[in-house]
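Participant: Need a 3D model of the sequence below.
(one chain, ligands or ions: 1)
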Amino acid sequence: MQGAAYVSVIERDSPHLLTESLAACRSNDSLGSPLLFEYPGVGRVSPVTLRYLKVLSDLERHFGDLTGMHVVEIGVGYGGQCQLITSRWKVASYTLVDLEGPLALTRRYLSKLAPSAPLIFVRGDDVTRSEYDLCISNYAFSELSRSVQDRYAEAVVRTSARGHVTCNFVSSHFDIDSWTKSELSDLNVESRWIAEEPQTHPANAVLVWGGRDVQALEAR
Ligand SMILES: C[S@@+](CC[C@H](N)C(=O)[O-])C[C@H]1O[C@@H](n2cnc3c(N)ncnc32)[C@H](O)[C@@H]1O
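Facilitator: Got it, this is the predicted structure:
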């Protein structure tokens, strides 16, 4: 169900990606035996890969060509988002911030699927202040504890010229105190909320700053 919804949004916003990044999607699914589903006109792909492709579509609509950018991603999972981005755009660097254990998996995955990408792996405890062209985080920055969010915000999020942060608000269910939606809005003076499409939870939303305000342009 959700995979088909991602395909619909990508077909609407960035249909070229369903052909141009299809090989990268197949590659993304080639390790770890993810569940694959058949989508008309697309073939067999995992819904998680389609979710990463949807984020890639958003990034291109808001920020255009990512060539030459210094990118940072917070809470990277197995590295699927990084693989799709670096297979399409020759970024100057791609910094992956996560905990030590998950990063070991990410390193292994990306050593096979993005062996020549300019990757920098940083353990959360080792994050130091750096400037980036683009900060990405999918369901990760928003669910961290407030003290970790404060540290990352100062070191890498507020120092990023552009941002695409998909936010969920689940922390309180796990007794974790995280930033509220209005505190997240203050990450950048240009911050704007866009809908999470497809909406996977009523409270979820995507915080974007920098680049073109696509929704305002489309509303004209
Ligand atoms: C819900 S998962 C999302 C993973 C990936 N972004 C995705 O969309 O599939 C949250 C991610 O945040 C990471 N994470 C948890 N605590 C973290 C911390 N203190 N610093 C950085 N990443 C952290 C987890 O290891 C995991 O990769």
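Participant: Under a three-state scheme, what state does Ser182 occupy?
Facilitator: Of the three states, Ser182 takes helix under DSSP: H, G, I helix; E, B strand; the rest coil.
Participant: For it, give me its contacts.
Facilitator: By Cβ atoms under 8 Å, 6 or more residues apart in numbering, the contact list for Ser182 is empty. (C-beta placed from N, C-alpha, C; glycine too.)
Participant: ok, the helix or strand harbouring Ala104 near the ligand or not?
Facilitator: Counting by DSSP states H and E, the element that carries Ala104 is helix 100-113. Yes: residues of helix 100-113 are located near the ligand by Cβ under 6 Å from any ligand atom, namely Pro102.
Participant: any idea what sits nearest Asp213, other than its immediate chain neighbours?
Facilitator: Once flanking residues are discounted, Asp213 sits nearest to Arg192: 6.3 Å by Cβ to Cβ, 6 or more residues apart in numbering.
Participant: name the helices or strands packed onto the least confident helix or strand in the chain by mean pLDDT?
Facilitator: Lowest mean confidence among the helices and strands of the chain (mean pLDDT, DSSP states H and E): helix 214-219, at a mean of 74. Counting contacts by 3 or more Cβ pairs under 8 Å, 6 or more residues apart in numbering; DSSP states H and E, helix 214-219 is packed against strand 192-195.
Participant: Now the following helix or strand past the strand it packs on: buried residues?
Facilitator: For strand 192-195, the succeeding helix or strand toward the C-terminus, using DSSP H and E, is strand 205-209. Judged by neighbour count using 16 or more other Cβ atoms under 10 Å, the buried positions of strand 205-209 are 205-209.
Participant: Distance to the ligand and pLDDT for those residues - can I get that in JSON lines?
Facilitator: Below are the buried residues of strand 205-209 laid out as JSON lines (distance: Cβ to the nearest ligand atom, whole Å; pLDDT from 0 to 100):
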{"residue": "Ala205", "distance to the ligand": "15", "pLDDT": "97"}
{"residue": "Val206", "distance to the ligand": "12", "pLDDT": "97"}
{"residue": "Leu207", "distance to the ligand": "15", "pLDDT": "97"}
{"residue": "Val208", "distance to the ligand": "16", "pLDDT": "97"}
{"residue": "Trp209", "distance to the ligand": "19", "pLDDT": "97"}
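Participant: Reformat these as TSV; add distance to Cys135.
Facilitator: What follows is the buried residues of strand 205-209, written out as TSV (distance: Cβ to Cβ, whole Å):
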residue	distance to Cys135
Ala205	16
Val206	13
Leu207	10
Val208	11
Trp209	9
